[in-house]
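**Student:** Prediction below, plus the sequence it came from.
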Amino acid sequence: MKVSYFPGCTLKTKAKKLDVYARKCAEVLGVTLEEIENWQCCGGVFTTASNEIATKLSSARALVEAKEKGQPLVSVCSACHNVIKQTNQAIKENRDSFTDRMNNYMALEEPYNGETQVLHYLELLRDVVGYDKIKEKVVNPLTGKKIGAYYGCLLLRPNSVMQMDDPENPSIIEDLIRALGAEPVVFPYRNECCGGYTIIEDKDVAIEKSGKVCKSAKSHGAEMIVTACPLCKYNLDKNGKEVPVVYITELLAEALGVKED
């Protein structure tokens, strides 16, 4: 199976392990991630102004390319996925204020109206590959490891658009952890903000929030934390320090036997 793949800027620089292992694990599971040609930054954040198109154009171009290939569009970075999916929803809902202007600006031969299916890598694993198949492919079960899943803000919210899981009591990462043979640890701060971009202007806020996440995970027995968000990993690594933090794709690669020493 082939899907269109939007890696995003950070996965080419500071978060290479998130990207490299996403590709390697996908191949083991029978999926080829075909990188979108000439992709640009997703925009970083989704601008809620319905008549603002400039910051949404790169996401729109990726969505159009995936449509032309007849493929779903997959991303693994939480921020990229959030921006792309919200952009796709805006295209579906805001025809007069956004969609028509976007199509006119891009001079598309065939207008784009939100037809592309947008999937996070976790949804690809759960809904397309299936956790049962992943269990069959595990060669290095993570037996005995106690792992806390950290969702952060962007994977689950706004729920009306993201529709990945229950935003208050998610299980998609915990179910993956079980499929890999480890024990998921549920802790109160797993879907709270890490401090996000406040690290740029107010480090104290990020330190406080990241610290609460890591302390909460450790106090409930987690030996490590997994995440899909490069910014979350940065904040937790820098400001938490109670437990090691790894990317979801690293954990998957270890279980599938493709992680490098």
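**Tutor:** On my side now, so go ahead. In this text, all values refer to a predicted model and were calculated from it rather than measured experimentally.

**Student:** can you give me the strands in the protein?
**Tutor:** 2-5, 32-35, 73-75, 118-120, 146-149, 183-185, 224-227, 245-247 (DSSP state E).

**Student:** Most tightly packed of the ones you listed?
**Tutor:** Mean neighbour count (mean count of other Cβ atoms under 10 Å) peaks for strand 73-75 among these, with a mean of 27. Glycine gets a C-beta too; all of them are placed from N, C-alpha and C.

**Student:** Now for the nearest residue to residue 83 once chain neighbours are set aside: which residues touch it?
**Tutor:** In this structure, residue 83 finds its nearest non-sequential neighbour in residue 42, 4.3 Å apart by Cβ to Cβ, 6 or more residues apart in numbering. Residues in contact with residue 42, defined by Cβ atoms under 8 Å, 6 or more residues apart in numbering, are 6, 8, 58-59, 62, 75, 79-80, 83-84.

**Student:** Just put these in TSV and tack on pLDDT and distance to residue 210.
**Tutor:** Formatted as TSV, the contacts of residue 42 follow (pLDDT from 0 to 100; distance: Cβ to Cβ, whole Å):
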residue	pLDDT	distance to residue 210
6	98	27
8	96	22
58	96	29
59	97	28
62	98	30
75	98	23
79	96	16
80	97	21
83	97	22
84	98	26
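
**Student:** hmm, which two among the residues you listed are most spread apart?
**Tutor:** 62 and 79 (14.1 Å; Cβ to Cβ).

**Student:** which one of the contacts of residue 42 sits closest to residue 192?
**Tutor:** Comparing the contacts of residue 42 against residue 192 with Cβ to Cβ places residue 79 closest, at 16.5 Å.

**Student:** Residue 95 versus the nearest residue to that closest one once chain neighbours are set aside, what's the distance?
**Tutor:** Spatial nearest neighbour of residue 79, chain neighbours left out: residue 154 (5.6 Å); criterion: Cβ to Cβ, 6+ apart. Separation of residue 154 from residue 95 (Cβ to Cβ, to the nearest Å): 26 Å.

**Student:** Those two: who's more crowded?
**Tutor:** Taking other Cβ atoms under 10 Å, residue 154 and residue 95 do not tie; residue 154 has more neighbours (26 against 16).

**Student:** If I look at the more buried one, what pLDDT would I see?
**Tutor:** With respect to pLDDT, residue 154 scores 95.

**Student:** same question, residue 125
**Tutor:** Looking at residue 125, its pLDDT is 98.

**Student:** lowest-pLDDT helix or strand in the protein?
**Tutor:** Every helix and strand of the chain was ranked by mean pLDDT, DSSP states H and E. The lowest is helix 198-201, at a mean of 88.

**Student:** Need the residues that contact that helix.
**Tutor:** With Cβ under 8 Å, 6+ apart as the test, helix 198-201 has contacts from 205-206, 209, 234-235, 238.

**Student:** Tell me which two of those sit farthest apart.
**Tutor:** Using Cβ to Cβ, the two most remote members of these are 205 and 234, lying 14.5 Å apart.

**Student:** of those two, who's got more company?
**Tutor:** More crowded of residue 205 and residue 234, by other Cβ under 10 Å: residue 234, with 19 against 15.

**Student:** does that one really touch residue 10, like I thought?
**Tutor:** No: taking Cβ atoms under 8 Å as the definition, residue 234 is not a contact partner of residue 10, at 9.1 Å.

**Student:** where are the low-confidence patches of the stretch 1-150 of the chain?
**Tutor:** Filtered on pLDDT under 70, the stretch 1-150 of the chain yields no residues whatsoever.

**Student:** about what we covered before: columns distance to residue 138 on top of the strands of the chain, output as JSON lines?
**Tutor:** Shown next, in JSON lines, are the strands of the chain (distance: least, Cβ to Cβ, whole Å):
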{"stretch": "strand 2-5", "distance to residue 138": "22"}
{"stretch": "strand 32-35", "distance to residue 138": "20"}
{"stretch": "strand 73-75", "distance to residue 138": "21"}
{"stretch": "strand 118-120", "distance to residue 138": "21"}
{"stretch": "strand 146-149", "distance to residue 138": "14"}
{"stretch": "strand 183-185", "distance to residue 138": "15"}
{"stretch": "strand 224-227", "distance to residue 138": "16"}
{"stretch": "strand 245-247", "distance to residue 138": "17"}
